[in-house]
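In: have a look; sequence and predicted model below, questions after that.
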Amino acid sequence: KVIFLSALMATLGWIYTARRQRTVSRKQHTFSALLVMSTNKDFDDRLKKVIPHVVAGELPTDVNHTDHGDVMWLINHYEFLAGGIRNGDIDEQLLYDTESGFLMKLIEAAKPYFQASRKRRKRDEIYEHLDWLYSRWGTNRPKRIQRFLEFVWGRPFHDWPIKFHLGIGYHPWPPETKEQ
């Protein structure tokens, strides 16, 4: 009985230490990404060119537009961060606290850009992580049980069967339509 209890305590200690190290590593990685964003002159220059389009609520979808490269670069950057959140590599709360306002407006303005890119490349998966993040931070905020299960799992859910059993499934944007 004492050996079993000792083994159990050692295992729990190992699990706690590994989980804590993963959390600290995730926060450090997120902080590093945010620090690089704030000190990167190229990022700042591109952001300054794109902000007027975001404020106007519409990003250029024409590939020949002078700001198209900057828009694409910035959206791809945020798609990378959204993918990191979705896969549990970037701390969602830290990014939400620092970037959610601008990022939500960027995604809203970029919806026609997403559709044009998907149509041009014939791939519906383009910018899927930004769609997922927009849904998650917008109208489909995780409920208490989902947040608890994600804490236990160590990362956000996406397309995992338990979500649909709990009635907390993710609804992609734009809604899927059946062509006749």
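Out: Received the coordinates, thanks. Quick caveat: nothing in here was measured; it's all calculated off a predicted structure.
In: so who does V71 touch?
Out: V71 sits next to V50, H53, L59, P60, H65, A110, Y113 when contact means CB atoms under 8 Å, 6 or more residues apart in numbering. Any C-beta I mention is one placed from the backbone N, CA and C, and that applies to glycine too.
In: verify the contact between the third one and K105 for me.
Out: No - applying CB atoms under 8 Å as the test, L59 and K105 come out as separate, 10.7 Å apart.
In: between those two, point out the one with more neighbours.
Out: Using other CB atoms under 10 Å as the criterion, L59 and K105 rank with L59 on top: 25 against 14.
In: where's the more buried one relative to A110, distance?
Out: 5 Å (CB to CB, to the nearest Å).
In: go on, S135?
Out: 14 Å.
In: so between these two, which is more surrounded?
Out: Neighbour count, other CB under 10 Å: between S135 and A110, A110 has more, with 25 against 16.
In: point me to the helix or strand that includes F157.
Out: Element membership for F157 (DSSP states H and E) is empty, with no helix or strand holding it.
In: how many other residues sit next to it?
Out: 19.
In: might one say that it is in contact with I145?
Out: No - distance between F157 and I145: 11.0 Å, which falls outside the contact criterion (CB under 8 Å).
In: so what's T98 up against?
Out: So T98 contacts L34 (CB under 8 Å, 6+ apart).
In: on the three-state scheme, it is what?
Out: Put simply, T98 is helix when judged by DSSP: H, G, I helix; E, B strand; the rest coil.
In: can you pull the buried residues of stretch 25-32?
Out: R26, T30 (16 or more other CB atoms under 10 Å).
In: chain center to that stretch, what's the gap?
Out: The chain centre lies 15 Å from the centre of stretch 25-32; the measure is CA atoms, centre = their mean, to the nearest Å.
In: average pLDDT for that stretch?
Out: For stretch 25-32, mean pLDDT rounds to 80.
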